[in-house]
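Enquirer: A predicted structure for the sequence below; I have some questions about it.
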Amino acid sequence: MHLDHDLDETFPERHTYSAAPKGPDGTRRALRIGLGGPVGSGKTATVAALCRVLRDELSIAVVTNDIYTREDAEFLLREAVLPAERITAVETGACPHTAIRDDISANLEAVEDLEDALGPLDLVLVESGGDNLTATFSKGLVDAQIFVIDVAGGDDIPRKGGPGVTTADLLVVNKTDLAPYVGSDLEGMARDAKAQRGELPVAFTSLKNEGGVKPVADWVRERLTGWTAGPT
């Protein structure tokens, strides 16, 4: 599918307004959470870990994005984190941010198709392809966004900021187990993230450790509680 890069004037609602909280049948639709971040930061691993932790308590589906392949979806399928019918892939054919912010039609169709096929869902995770610190999701696609960075990418990333770091609903600093080996200062990263984000939350994770995804899973549960209790 061709993704147009210049739809701001034609479809301003893709950037300005949130998608309606009700589905076509009038019931509250699934909470949609987007996960973005640089290549190799651990987005797919975070999605996989969330699915393993939450799948017994929530009805979940996943949409992955890659430029020319289905690699992330195939990883999730190999890991059997969810039944195959709950995982679908979008091939963006262009820079990843075009499909999560500029022309969201392919992702929105994938999300809605999953909801139609699987019945009521609690949570849909939309994983962006790897992108830079400016990557953000359209409010017409997701209700909240997680931005994943990792300590091996440099402990100056929180200080550099960018919309992904400063505005995401949750910033995840992943691969903390590597900090001693790459010379990253976790306390400094926490201070810089606080300076950039104010009161917005930050979670430090090591998915190699048992329970490493717990702070992210707890945040998702809190968002879902607020979502289901919110006005329709």
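Expert: Received the coordinates, thanks. Residues are numbered from 1 along each chain as shown.

Enquirer: how about the nearest residue to residue 216, chain neighbours excluded?
Expert: In this structure, residue 216 finds its nearest non-sequential neighbour in residue 203, 5.4 Å apart by CB to CB, 6 or more residues apart in numbering. Every C-beta, even on glycine, is put in place using the N, C-alpha and C of the backbone.

Enquirer: give the contact list for the one you found.
Expert: If you count contacts by CB atoms under 8 Å, 6 or more residues apart in numbering, residue 203 has them with 170-173, 215-216, 219.

Enquirer: who does it bridge with?
Expert: Beta bridges link residue 203 to residue 172 when assigned by DSSP bridges.

Enquirer: mind putting the contacts of residue 203 in a markdown table, distance to residue 155 and pLDDT included?
Expert: What follows is the contacts of residue 203, written out as a markdown table (distance: CB to CB, whole Å; pLDDT from 0 to 100):
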| residue | distance to residue 155 | pLDDT |
| --- | --- | --- |
| 170 | 19 | 98 |
| 171 | 14 | 98 |
| 172 | 15 | 98 |
| 173 | 9 | 98 |
| 215 | 19 | 98 |
| 216 | 20 | 98 |
| 219 | 22 | 98 |
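
Enquirer: out of those, which two sit at the greatest distance?
Expert: 173 and 219 (13.4 Å; CB to CB).

Enquirer: more neighbours: which of the two?
Expert: residue 173 (28 against 18; other CB atoms under 10 Å).

Enquirer: for stretch 65-85, measure first residue to last.
Expert: 16 Å (CA to CA, to the nearest Å).

Enquirer: where exactly do the helices run in this structure?
Expert: Using DSSP state H, the helices of the chain run over 13-16, 43-54, 71-79, 96-97, 105-118, 157-160, 163-167, 179-182, 186-197, 214-229.

Enquirer: which of these sits closest to residue 30?
Expert: Of all the helices of the chain, helix 105-118 comes closest under CB to CB, at 6.2 Å.

Enquirer: what separation do you get for the residue nearest the centre of the chain and residue 125?
Expert: The centre of the chain sits closest to residue 35, judged by CA atoms, centre = their mean, with a distance of 1.3 Å. Here residue 35 is placed at a distance of 6 Å from residue 125 (CB to CB, to the nearest Å).
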